[in-house]
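[1] Quick one: sequence plus predicted model below, questions after.
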Amino acid sequence: MLNIGIAGLGFMGMIHYLAYEKLKGVKVAAVCETDAKKLAGDWRSIKGNFGPAGTMMDLSKLGRYSELEKLLADPKIDCVDICLPPAAHALFFPAWLLAAVVQPINALSFVTDGIHWGTGDFRYLRNAMFVATGAGALGLWGIEAAGIASLLWVWIVTDGWIVIRSAAGVLRVWPGIGAAPLAQPDRTPGLAASATGRGDAVPVHE
């Protein structure tokens, strides 16, 4: 069961809540709203240009938070559905910007992962993943230990994990640290032969 937390109980927040009630395998476990009446279940002020109008709702079995940080810190929540008005988007902009900037680096790690996989460099790929994941886990533990409930810091740690993975992959390919497969000419013909699907090796070097 996927536990959802909804941030923002405006019209879209209400529509998402009603939609989740009809889905199997998910449930709304918590809501976050600064309006005390909405947080108490009085949604009669909610209206939109389509769909149903708000009504009285029983939220007694849900976690109810007036601060987003507390919703993010709830260990029961697997996913947060952000349904905030445009005026509140500035709160999330630093985390979104950081995520967008690092995504090209994340794509680079997929490229180097493919090179390691294709050249049979499985041990290095495994070790690089262990190091990156260990560093990321320590970072997340540090955030929790320091009592920091911030989406920005979660993304900072995630981006650190991405950078470590990408750096390890790139350095293995170029300049080729350790027993880099692409730096070993004796392995290249076999790789080319495997790529063609034939037993005869295809020379790729003069």
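    Everything's here; your move. Being a predicted model, the structure only gives us computed values, none of them experimental.
[2] and residue 4, bridged to which residues?
    residue 28, residue 79 (DSSP bridges).
[3] number of nearby residues for it?
    20 (other CB atoms under 10 Å). For every residue, glycine as well, the C-beta is placed using N, CA and C.
[4] now do residue 146
    Residue 146 has 9 nearby residues by other CB under 10 Å.
[5] What segments of this protein are strands?
    2-7, 26-32, 63-65, 79-82 (DSSP state E).
[6] Would you format those as CSV with distance to residue 104 and mean pLDDT included?
    Putting the strands of the chain into CSV (distance: least, CB to CB, whole Å; pLDDT from 0 to 100) gives the following:
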stretch, distance to residue 104, mean pLDDT
strand 2-7, 28, 96
strand 26-32, 32, 96
strand 63-65, 34, 96
strand 79-82, 24, 93
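[7] Enumerate every residue touching the residue positioned nearest the centre of the chain.
    Among the residues of the chain, the one closest to the centroid is residue 158, at 7.8 Å (CA atoms, centre = their mean). Residues near residue 158 by CB atoms under 8 Å, 6 or more residues apart in numbering: 99, 136.
[8] For residue 148, see how far away it is.
    Distance, residue 158 to residue 148, using CB to CB, to the nearest Å: 14 Å.
[9] go on, residue 3?
    22 Å.
[10] Could you check which of these two is surrounded by more residues?
    Neighbours per residue, other CB under 10 Å: of residue 3 and residue 148, the larger number sits with residue 3, 16 against 13.
[11] Which residues are in contact with the closest residue to that one other than its chain neighbours?
    Distances taken as CB to CB, 6 or more residues apart in numbering put residue 29 closest to residue 3, at 3.9 Å, once the chain neighbours are dropped. Neighbouring residues of residue 29 by CB under 8 Å, 6+ apart: 3, 4, 5, 62, 63, 74, 76, 77.
[12] okay, now the fifth one: neighbour count?
    Put plainly, it is residue 63. Residues near residue 63, counting by other CB under 10 Å: 17.
[13] do you know how far it is from residue 3?
    Counting by CB to CB - residue 63 and residue 3 are separated by 9 Å.
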